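> everything below, folded, please.
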Amino acid sequence: MVFHFHIKEADELNHPTPLGLTFNEKAQELRTLYMQSNFEMGISSIGRGYQLKQFVSTFQGLRVLKLSGLRMSEVPWSIGNQLEQLRYLDLCGNNFRELPNSICRLYKLQTLRLEGCKEFEEWPTSSVMTKMVNLRHLELGLDPSIKYMPLGLGQLSSLQTLGCFIVGNGEPDLLRGLFPRRRKEMINKDMIGGGLGELHGLNQLGGELAIKELRNVKDVRDAKEANLKLKSELQSLTLSWSSGHSWTRVLSVADEEQVLEDLQPHPNLKALKIEWYEGFKMSSWMIYSSSLLPNLVELTLWSCSNLYYLPLIGEFPCLRRLCLKKLDALKSIYNIVFVTEG
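Take a look at the predicted model:
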């Protein structure tokens, strides 16, 4: 009996029963299926007469399904409707624009990989997204094409891997230029996205996390809601205010400085990158680095164009790698001592 099946070239499915695998009751016993494309064939149909959705749904006992690099323009609805035992789903390197709501019927799913999906721009609606309560790894990569995060993400309290969190601006770029009726339809589908508060209860997050488009924060209180101080498993954190293009500030400089202040990470953090920040000064948790960031090994400050001064870098006891770039207003690096009355 075959329990694990790897198709390196989709052309292998040209055979009526590929590689001798028969489509009968034994197909239900297959647990792992890997499919990878040679990038030269069309993807509307796999092999001769096998539609992808029909082929995949044959194996309803699957626990692991990898459909990477197939250039799929849409995710087969049959995955969510018929593969209810699935624990691991890899959709990396495809061309689909949206994830169907049916994906959220995979209640046992623990890992969903979406890296390299350059056309991906629409999540399932929040009412079904919150049902993926066993999801532990939502792998987007550090530079996804998506412009917002789904409402209700914060209810997926088992998440351990996220990689990237994009702060939506309340009106994603993909809504601009649409007719009013279509805009209303997209807004009704929750495409305004979730704010930093979605991170509040996700205290199992570990590894790398990049919080992007912080320029879209509209209320300084949102930053504190992210609750980064309690995320003890995070090893690397990027705080990015922009993707590098010109942008209009929503908050005042003082409020932007407060946003950074309230995004204080846990002392276990080992790598920190701050980019496109437009405040004049650093946060207090950077100034008192010896006690608040005692384990920091790597620090990068990039394109913080208004930053006047930095705390003494030598105060980071474990620092090994330092990158300071495009700090146009920087005048000095020195110790700053705060004196309080009484």
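> and Met149, how many neighbours?
By the measure other C-beta atoms under 10 Å, the count of residues near Met149 is 24. Heads up, the C-betas are built off the backbone N, CA and C, glycines and all.
> my understanding was that it contacts Ile166; is that so?
Yes: at 5.7 Å, Met149 and Ile166 qualify as touching, with contact defined as C-beta atoms under 8 Å.
> joint contacts of those two?
Common contacts of Met149 and Ile166 (C-beta atoms under 8 Å, 6 or more residues apart in numbering): Gly193.
> quick check: Thr300 is in a strand.
Yes: the assignment for Thr300 by DSSP: H, G, I helix; E, B strand; the rest coil puts it in a strand.
> show me what it is bridged to.
Beta-bridge partners for Thr300, by DSSP bridges, are Lys273, Cys323.
> pull the number of nearby residues for it.
15.
> that one reaches Lys273, doesn't it?
Yes: using C-beta under 8 Å, Thr300 is in contact with Lys273, at 4.1 Å.
> buried sites along stretch 60-79?
62-70, 72, 74-76, 78-79 (16 or more other C-beta atoms under 10 Å).
> what about those residues, which are in strands?
Under the assignment DSSP state E, the buried residues of stretch 60-79 contribute Val64, Leu65, Lys66, Leu67, Ser68 to strands.
> what about Ser243, neighbour count?
Neighbours of Ser243 (other C-beta under 10 Å): 13.
> how close does it get to Leu324?
21 Å (C-beta to C-beta, to the nearest Å).
> quick revisit: out of the ones in strands among the buried residues of stretch 60-79, the closest to Thr238 would be?
The shortest approach to Thr238 among those belongs to Ser68, at 25.3 Å (C-beta to C-beta).
> contacts for stretch 140-147?
With C-beta under 8 Å, 6+ apart as the criterion, stretch 140-147 contacts 114-121, 123, 162-164, 166, 168, 172-174, 193, 208, 210, 238.
> which entries within these meet the buried criterion?
For these, buried by 16+ other C-beta under 10 Å: 114-117, 120-121, 123, 162-164, 166, 168, 172, 193, 208, 210, 238.
> for stretch 253-268, buried residues please.
Buried-residue list, stretch 253-268, by 16+ other C-beta under 10 Å: Asp255, Glu256, Glu257, Gln258, Val259, Leu260, Glu261, Asp262, Leu263, Gln264, Pro265, His266.
> how about these in TSV, adding pLDDT?
Below are these laid out as TSV (pLDDT from 0 to 100):
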residue	pLDDT
Asp255	94
Glu256	94
Glu257	95
Gln258	96
Val259	97
Leu260	97
Glu261	96
Asp262	97
Leu263	97
Gln264	97
Pro265	97
His266	97
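> output those residues in TSV, with secondary structure and distance to Ala223 appended to each entry.
Shown next, in TSV, are the buried residues of stretch 253-268 (DSSP: H, G, I helix; E, B strand; the rest coil; distance: C-beta to C-beta, whole Å):
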residue	secondary structure	distance to Ala223
Asp255	helix	10
Glu256	helix	10
Glu257	helix	11
Gln258	helix	7
Val259	helix	4
Leu260	helix	8
Glu261	helix	8
Asp262	helix	4
Leu263	coil	5
Gln264	coil	9
Pro265	coil	12
His266	coil	15
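> just curious, which of the residues you listed is nearest to Glu84?
His266 (36.6 Å).
> am I right that that closest one is in contact with Gln235?
No: if you go by C-beta under 8 Å, His266 and Gln235 don't touch, sitting 10.1 Å apart.
> quick one: contacts for Thr130?
Gly152, Gln155, Leu156.
> what about 6 Å?
For Thr130, the contacting residues are Gly152, Gln155, by C-beta atoms under 6 Å, 6 or more residues apart in numbering.
> tell me the pLDDT of it.
On pLDDT, Thr130 comes in at 89.
> again with Ser78
For Ser78, pLDDT reads 86.
> any idea how far the nearest residue to it once chain neighbours are set aside is from Leu301?
Distances taken as C-beta to C-beta, 6 or more residues apart in numbering place Ser57 nearest to Ser78, at 3.9 Å, with adjacent residues excluded. From Ser57 across to Leu301, the span is 50 Å (C-beta to C-beta).
> ok, now Gly195?
25 Å.
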